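[1] fold the following, please.
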Amino acid sequence: MRRDPLIIGAGPAGTAAAITLARAGCRPVMIERASGPTDKVCGDFISIDTIRRAQALGVDPASLGAAPIRQVRLVHRNRVAQATLPFPAMGLSRRGFDAALLRVAESAGAILRGGQTVRQLAREAPTISASTASASAPREWIARTTDQTAFSADTVFLATGKHDLRDLPRARADRGAVGMKMYFALAPDAARMLDDAIELTLFPGGYAGMQPVEDGRTVLCIATQRQALLRHGGTWDDLLAGVAQHSRRFSALLSGARALLARPLAVAGVPYGYQSGTPAADGLFRLGDQAAVIPSLTGDGMAIALHSGTSAAETWLAGGDSATYHHGLAGTLRRQMRLAGLLHHACMTGSVQAALTRTAVWFPSLLHHAANRTRLASPTAPGDQPTGA
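    Predicted coordinates:
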């Protein structure tokens with residue numbers, strides 16, 4: 001008889017897997033490093049593919065107070081391109097979204113072990129008596145936490161987000177990207193200027209995304225090359241000043257704004273464009289950012305997280321192995337990841353940014369198409385057409 005998978009990480013990917021398994025009668029254990037809801041380095045953008053997947057799991061983002069987002073803007077210096085988004089979208093903090101998914105997972109029967117960080121994960125021979133020991137005995141996964149608690153499982157769902165386990169790091173082609181995030185209360189005039197839009201400001205070596213989220217707040221998330229951050233002085237305040245100097249509109253949006261966190265959230269070494277291959281060890285399913293890291297400008301990371309968690313659980317429940325799951329996920333994401341990578345490179349490259357924005361001003365439908373083509377294929381609601389149609 002198979003043992004239930006062990007889930008390491010209780011963000012969107014981990015909870016999606018837990019909900020799917022629990023609804024099928026399993027009692028999966030989730031090990032989560034945080035002891036309660038926390039903010040994460042994430043753009044907080046939820047598009048139609050995320051909304052529908054969340055609803056299927058029992059979470060309605062609108063009921064959590066998510067702010068509607070209807071427009072997309074691309075800004076470079078004093079030039080602004082704008083288009084209506086081709087799908088419904090919302091702004092919702094990871095703190096609120098993750099907490100809602102976790103409540104559903106626990107209600108369905110999943111078990112949370114919060115405040116425990118896995119420090120070691122390895123395949124080991126099971127502890128059996130000498131009389132029954134065999135060289136062919138199947139090996140099991142052993143996860144050890146900081147307090148040396150050991151969890152054993154035949155299958156592990158690795159859903160630790162942007163944080164790698166020391167024993168199982170992701171292969172990284174690009175180690176130079178830095179992600180930073182802050183919540184603000186904008187001044188009234190600035191809030192009206194931003195309105196119901198997600199606004200992407202390009203600056204040499206990076207881009208800054210700003211949008212409304214629940215409770216009247218605004219989130220600012222910046223992706224930048226490490227060298228660009230250092231050129232601006234190496235600190236959050238220096239970076240904001242550098243972007244504001246580059247764009248008067250960005251400066252106006254932050255004029256009179258009040259920071260709502262004591263310090264910005266930050267993560268270094270983000271491997272944008274990463275996709276996992278088939279793990280060498282059987283029984284390891286990588287979920288969410290452990291499976292694929294789509295560039296932040298697409299705003300589709302949470303959709304991929306929910307899809308990968310659900311898909312991994314469904315594959316396991318059907319008797320499939322991790323190779324089957326990873327092969328299917330790679331095929332699903334291939335075209336989306338390729339286009340997202342090209343756009344990310346263009347938006348990070350100073351010599352391309354001006355031409356890109358100028359073209360979008362002349363042909364705003366390009367923003368519409370770029371948004372559509374960087375979505376994960378959305379589950380179709382009754383009477384609707386697929387988003388990517």
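[2] distance check, Gly309 against Ala16.
    Distance of Gly309 to Ala16, computed by CB to CB, to the nearest Å: 3 Å. All C-beta atoms are positioned from the backbone trio N, CA, C, and that covers glycine.
[3] give me the below-cutoff pLDDT ranges for the stretch 201-350 of the chain.
    Low-confidence segments of the stretch 201-350 of the chain (pLDDT under 70): 280.
[4] same question, the stretch 1-150 of the chain
    1, 127-138.
[5] show me where it has helices.
    Counting by DSSP state H, counting those that start in this stretch, the stretch 1-150 of the chain has helices at residues 12-23, 48-57, 94-108.
[6] between these, which one is nearest to Pro37?
    Proximity to Pro37 (CB to CB) singles out helix 94-108 among the helices of the stretch 1-150 of the chain, at 4.2 Å.
[7] adding mean neighbour count and distance to Arg119 as columns, could you present the helices of the stretch 1-150 of the chain in JSON lines?
    Shown next, in JSON lines, are those (neighbours: other CB atoms under 10 Å; distance: least, CB to CB, whole Å):
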{"stretch": "helix 12-23", "mean neighbour count": "29", "distance to Arg119": "18"}
{"stretch": "helix 48-57", "mean neighbour count": "22", "distance to Arg119": "30"}
{"stretch": "helix 94-108", "mean neighbour count": "21", "distance to Arg119": "22"}
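[8] got any residues that touch both of Gly309 and Ala16?
    Here Gly309 and Ala16 share the contacting residues Leu287, scored by CB atoms under 8 Å, 6 or more residues apart in numbering.
[9] one step back: so which of the helices of the stretch 1-150 of the chain is nearest Ala370?
    Smallest distance to Ala370 across the helices of the stretch 1-150 of the chain (CB to CB): 15.1 Å, for helix 48-57.
[10] chain neighbours aside, what residue packs nearest to Pro364?
    Nearest residue to Pro364 in three dimensions, chain neighbours excluded: Ala83, at 4.3 Å (CB to CB, 6 or more residues apart in numbering).
[11] residues contacting that neighbour?
    Here Ala83 is in contact with 71-72, 360, 364-365, 367-368, 371 (CB under 8 Å, 6+ apart).
[12] do that again at 7 Å, thanks
    For Ala83, the contacting residues are 72, 364-365, 367-368, by CB atoms under 7 Å, 6 or more residues apart in numbering.
[13] partner residues bridging it?
    Here Ala83 sits in beta bridges with Val72, going by DSSP bridges.
[14] I'd like the helices of the stretch 1-150 of the chain as TSV, with distance to Arg375 appended.
    Below are these laid out as TSV (distance: least, CB to CB, whole Å):
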stretch	distance to Arg375
helix 12-23	16
helix 48-57	5
helix 94-108	18
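[15] and Ala313, which of those helices is closest to it?
    Smallest distance to Ala313 across these (CB to CB): 3.6 Å, for helix 12-23.
[16] and the contacts of Ala83, which are buried?
    Neighbour counting by 16 or more other CB atoms under 10 Å classes 72, 364, 367-368 among the contacts of Ala83 as buried.
[17] narrow those to those in strands?
    Among the buried ones among the contacts of Ala83, the members found in strands (DSSP state E) are Val72.
[18] follow-up on the earlier one: now the residue nearest to Pro364: how far from Trp316?
    In terms of CB to CB, Ala83 sits 41 Å off from Trp316.
[19] before we move on, the earlier item: which of the contacts of Ala83 sit farthest apart?
    Farthest pair in those, by CB to CB: Val72 and Ser365, 11.7 Å.
[20] can you name every helix or strand that the helix ranked longest in the chain contacts?
    Longest helix in the chain, counting residues (DSSP state H): helix 322-348. Helices and strands touching helix 322-348, by 3 or more CB pairs under 7 Å, 6 or more residues apart in numbering; DSSP states H and E, are strand 284-286, helix 301-317, helix 350-362.
[21] so which residue is smack in the middle of this protein?
    Residue closest to the average C-alpha location in the chain (CA atoms, centre = their mean): Gly301, at 3.7 Å.
[22] chain neighbours aside, what residue packs nearest to that one?
    Ile294 (5.6 Å).
[23] shouldn't the one you found be in contact with Ile304?
    Yes. Counting by CB atoms under 7 Å, Ile304 is a contact partner of Ile294 at 6.1 Å.
[24] of those two, which one has the most company?
    Ile304 (28 against 24; other CB atoms under 10 Å).
[25] which ones are touching the nearest residue to Thr160 once chain neighbours are set aside?
    Nearest non-adjacent residue to Thr160, counting by CB to CB, 6+ apart: Gly9, 4.4 Å away. Neighbour list for Gly9: 32, 159-161 [criterion: CB under 7 Å, 6+ apart].
[26] separation between the nearest residue to Arg53 once chain neighbours are set aside and Ala228?
    Spatial nearest neighbour of Arg53, chain neighbours left out: Leu306 (4.1 Å); criterion: CB to CB, 6+ apart. From Leu306 across to Ala228, the span is 31 Å (CB to CB).
[27] neighbour count: these two, which is higher?
    Ranked by neighbour count (other CB under 10 Å), Leu306 and Ala228 place Leu306 first, with 28 against 19.
[28] right, and that one touches Arg52 too?
    No. With contact defined as CB under 7 Å, Leu306 does not reach Arg52; the gap is 9.4 Å.
[29] hang on, the earlier thing: of the contacts of Gly9 - the most surrounded one?
    Among the contacts of Gly9, the one with the most neighbours (other CB under 10 Å) is Ala159, at 31 neighbours.
[30] give the contact list for that residue.
    Residues counted as contacts of Ala159 (CB under 7 Å, 6+ apart) are 7-9, 11, 13-14, 17, 287-288, 290, 309.
[31] of these, closest to Asp195?
    Asp195 lies nearest to Gly11 out of these, by CB to CB, at 29.5 Å.
[32] let me see the contact set for that closest one.
    Neighbouring residues of Gly11 by CB under 7 Å, 6+ apart: 98, 159, 161, 288, 305.
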